[in-house]
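> Structure for this input, please:
(one chain, ligands or ions: 1)
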Amino acid sequence: MIGLDQEEIAALLAETGQPPYRARQLYASIYRRQVLEWERMTDLSRNFRAAAAERFSLELPVLRELQAAVDGTEKFLLGLHDGQAVEMVFIPEPKRDTLCISSQVGCPAACRFCVTGTLGLKRNLTPGEIVGQVLLCSRRKAGILKRLNLVFMGMGEPLLNYDAVMKAIRLLADPQGMAISPRRITLSTCGIVPGLHRLAREAVIPLLAVSLGSPDDAVRSELIPVNRKWNLESLLEACRAVPLRKWITFEYTLLKGVNDRPEDARALAQLLRRFPAKVNLIPLHSHPALPYEPSGPEAVARFQEILFQHDVSAFLRRSRGEDIQAACGQLAAGQSSARSAAAFSCQGFTGAPPAAS
Ligand code: SF4
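The predicted model follows:
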């Protein structure tokens, strides 16, 4: 039942002869109060609860493992009903917290600086499994939703699981439910152009982060293979079509000798000129499964400085949870095959949300 909207809940309940107001009560219990135990839904009649418990499931993903880093970052390994697993990362910060969630098991996009990209796609998550990650976190940490930035930067390419992700976003943002403002939800993509055009027509639009990789089509095609289908020009055109609240965040994972030279910085600045953009410079987390090394601190500083000189806002992201490989850039490979199936990554997430405006 988790992942259904109020109309769908009403339709299900109608099959058992229940009036529409029951759906409102149940919806509020699941999403607004995050109460999922039938016996605790005391605004519902005892008879209804007993019948509903027999018929409907309110199961969340199961917490299989929790790793806590010294900086407070927590990495959750979550088991799904069919034995698959995804990861979720919670990053506490003084003024706000960030929850990084997954949209697919594995990922078909195969970005070459990403461990999840080496796994291929196992399957899409359902809306219930996406919302379930947030519910699981909020039930462990009371009151967390008010100060949460939610980022789709876990396993998977959200725009390749479009319908489920957008349904989940509508549920998460519903003021009658979990009421997470779309301004505090960031969808991160490696550049699925048709998905961006669909997104532009949505009523509820989250903030957008785009993994750029390189300002050069040939290099970008090497790093982010979807660029062979949708090149930089078509990507930026699609980005322009999305109604922006403020800016688009471009994620740029710095790779030694590949995309971190001064000419790359100048080309990036040129590409983004007159674009409402800010750039997050992401340190690569080295991993044996990846063919790249992180850029050195001097190259990073020089890159950022050149962007500044060209009036491009550029932020260097601080890694979080490094002692548990929780920095969402690349995690978990090198573990058992079962754990590798939950290797976690997307667009070099480092714990800092890209665009809370
Ligand atoms: S960076 Fe994101 S889109 Fe690319 S392969 Fe990794 S999970 Fe998929």
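> Please count neighbours and contacts with C-alpha atoms only from this point.
Noted.
> Where does the stretch 1-150 of the chain get nearest to the ligand, residue-wise?
residue 117 (3.5 Å; CA to the nearest ligand atom).
> ok, that residue - how many residues close by?
25 (other CA atoms under 10 Å).
> swap in residue 221?
20.
> any idea which element it lies in?
Under the criterion of DSSP states H and E, residue 221 resides in helix 217-223.
> buried sites along that helix?
217, 220, 221, 223 (16 or more other CA atoms under 10 Å).
> which one is the third one nearest to, not counting chain neighbours?
Nearest non-adjacent residue to residue 221, counting by CA to CA, 6 or more residues apart in numbering: residue 227, 4.8 Å away.
> That neighbour in helix, strand or coil?
helix (DSSP: H, G, I helix; E, B strand; the rest coil).
> how about stretch 107-119: buried residues?
Those would be 107-119, for stretch 107-119 by 16+ other CA under 10 Å.
> er, stretch 225-240 actually
Quick answer for stretch 225-240 (16+ other CA under 10 Å): 225, 226, 227, 230, 231, 232, 234, 235, 236, 238, 239, 240.
> Residues in contact with that stretch: which ones?
109-111, 190-193, 196-197, 215-217, 220-221, 248 (CA atoms under 8 Å, 6 or more residues apart in numbering).
> of those residues, list those near the ligand.
Among these, the ones lying near the ligand by CA under 6 Å from any ligand atom are 109, 110, 111, 190.
> which SS state does the first one fall under?
Residue 109 carries the three-state label coil when classified by three-state DSSP.
> for the residue lying closest to residue 259 once chain neighbours are set aside, helix, strand, or coil?
Spatial nearest neighbour of residue 259, chain neighbours left out: residue 214 (6.0 Å); criterion: CA to CA, 6+ apart. At residue 214 the chain is in coil, as set by three-state DSSP.
> is it true that residue 214 touches residue 264?
Yes - between residue 214 and residue 264 there is a contact at 7.3 Å, judged by CA atoms under 8 Å.
> More neighbours: those two, which one.
More neighbours surround residue 214 than the other of residue 214 and residue 264, with 26 against 17 (other CA under 10 Å).
> farthest residue from the center of the chain?
residue 47 (39.4 Å; CA atoms, centre = their mean).
> Surely that one is in a helix?
Yes - counting by three-state DSSP, residue 47 is part of a helix.
> tell me the pLDDT at it?
With respect to pLDDT, residue 47 has a value of 91.
> What of the one 10 residues further on?
Reported pLDDT at residue 57 in the predicted model: 94.
> so who does it touch?
1, 2.
> residues contacting residue 127?
Contacts of residue 127 by CA under 8 Å, 6+ apart are 3, 4, 164, 165, 167, 168.
> Now flag whichever of those is closest to residue 136.
Closest approach between the contacts of residue 127 and residue 136, by CA to CA: residue 3, at 13.1 Å.
> Among the buried residues of helix 217-223, which one lies nearest to residue 305?
Nearest to residue 305 among these, with distances taken as CA to CA, is residue 220, at 22.0 Å.
> quick one, what contacts the closest one?
Here residue 220 is in contact with 212, 213, 214, 227 (CA under 8 Å, 6+ apart).
> how about a cut-off of 10 Å?
Listed by CA atoms under 10 Å, 6 or more residues apart in numbering, the contact partners of residue 220 are 111, 212, 213, 214, 226, 227, 228, 231, 232, 259.
> Can you tell me the SS state at residue 210?
Classified using three-state DSSP, residue 210 is strand.
> again, but for residue 18
Using three-state DSSP, the three-state assignment for residue 18 comes out as coil.
> Near the ligand, which residues of the stretch 1-150 of the chain are found?
107, 109, 110, 111, 114, 116, 117.
> Need those in JSON lines (columns: pLDDT).
What follows is these, written out as JSON lines (pLDDT from 0 to 100):
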{"residue": "107", "pLDDT": "96"}
{"residue": "109", "pLDDT": "97"}
{"residue": "110", "pLDDT": "96"}
{"residue": "111", "pLDDT": "96"}
{"residue": "114", "pLDDT": "93"}
{"residue": "116", "pLDDT": "90"}
{"residue": "117", "pLDDT": "91"}
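> about what we covered before: can you read off the pLDDT for the residue nearest to residue 221?
98.
> count of neighbours near residue 309?
Using other CA under 10 Å, residue 309 has 11 neighbouring residues.
> Now do the contacts for it.
266, 269.
> got a pLDDT number for it?
Residue 309 is assigned 97 on the pLDDT scale.
> Next one: it from residue 212, what distance?
Using CA to CA, to the nearest Å, residue 309 is found at 20 Å from residue 212.
> Equivalent analysis for residue 250, please.
Distance from residue 250 to residue 212, by CA to CA: 6 Å.
> and for the two, which residues touch both?
189, 190, 279, 280, 347.
> Help me confirm that the fourth one comes into contact with residue 315.
Yes - between residue 280 and residue 315 there is a contact under CA atoms under 10 Å: 4.9 Å.
> more crowded one of those two?
Using other CA under 10 Å, the more surrounded residue of residue 280 and residue 315 is residue 280, with 28 against 16.
> By mean pLDDT, point me to the weakest helix or strand of the protein.
Least confident helix or strand of the chain, by mean pLDDT, DSSP states H and E, is helix 337-340 with a mean of 31.
> Okay then, goodbye and thanks.
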